[in-house]
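> Fold the following, please.
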Amino acid sequence: MALRDRFAKSFRRGYNQRVIEMELSRIIINETHDEQVIVLKEIGGERAFPIVIGIWEAVTIDRNVKGKKTPRPMTHDLLENVIRNLDANLERIIVNDLRDRTFYAKLILRRDGETIEVDSRPSDAIALAVQMKAAIYVEESVLTDATPNPEAINPEPPDFGGPEDEEKGPEEEET
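The predicted structure follows:
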């Protein structure tokens, strides 16, 4: 990916808080459990991680991905209506922290040239981003903490010695 394209997919926020653009890549709904899973994947990259969310948030996200509307406004519809009626726009959401296996997020709103940050659960922020077609970002530090180290998954075999050790079979061991 060209440097210009990578810059378009990430930017710095604050002092050294680089954020990476992500996309919703999977919604896993299991109707027999309260906890559901969504997976965010790095746009133009390989990193991805799951977030455990509630059934209602998962259903809302799934409904919005499929473009289905409800006859009456649900909670995320209400929030979208409030944002729009206040002449604000949802610019993006940022998953900005991971503490004790709990993710944190912010809605980044723009109104009259002013940026407004609103604390949010990631599930609600992602549901609203999908509904309002806003960008989803994750801070680099959160992405690093949330994605497994490839070497930890497929470590290189340890080197126990030189080539002579590799050629010995069990019957050739020295006693």
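
> Can you name the helix or strand that Lys68 falls in?
Element membership for Lys68, per DSSP states H and E: none, as it lies in no helix or strand.

> This protein: strands as residue ranges?
Remark: strands assigned in the chain by DSSP state E are 10-13, 17-28, 35-42, 48-54, 89-99, 102-111, 114-120, 135-139.

> which ones are touching Asn96?
By C-beta atoms under 8 Å, 6 or more residues apart in numbering, Asn96 lies in contact with 17, 104-106, 138-139, 142. Glycine gets a C-beta too; all of them are placed from N, C-alpha and C.

> mind putting those in a markdown table, distance to Ile38 and pLDDT included?
Shown next, in a markdown table, are the contacts of Asn96 (distance: C-beta to C-beta, whole Å; pLDDT from 0 to 100):
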| residue | distance to Ile38 | pLDDT |
| --- | --- | --- |
| Gln17 | 23 | 74 |
| Tyr104 | 15 | 98 |
| Ala105 | 12 | 98 |
| Lys106 | 17 | 97 |
| Val138 | 12 | 97 |
| Glu139 | 17 | 96 |
| Val142 | 15 | 96 |
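
> of all those, which comes closest to Thr75?
Ala105 (15.9 Å; C-beta to C-beta).

> Tell me the spacing between the residue nearest the centre of the chain and Asp77.
By C-alpha atoms, centre = their mean, the chain has its centre lying nearest to Leu40, at 3.7 Å. Per C-beta to C-beta, to the nearest Å, Leu40 is found 23 Å from Asp77.

> tell me the contacts of the closest residue to Thr60 other than its chain neighbours?
Leaving aside its sequence neighbours, Thr60 sits nearest to Ala127 (C-beta to C-beta, 6 or more residues apart in numbering; 4.7 Å). Listed by C-beta under 8 Å, 6+ apart, the contact set of Ala127 reads 57, 60-61, 64, 76.

> Now the two most distant members of the residues you listed.
Based on C-beta to C-beta, the longest span within the contacts of Ala127 runs between Glu57 and Asn64 and measures 10.7 Å.

> about what we covered before: so how do I select the buried members of the contacts of Asn96 in ChimeraX?
In ChimeraX, this line selects whichever of the contacts of Asn96 come out buried by 16 or more other C-beta atoms under 10 Å:
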select :104,105,106,138,139,142
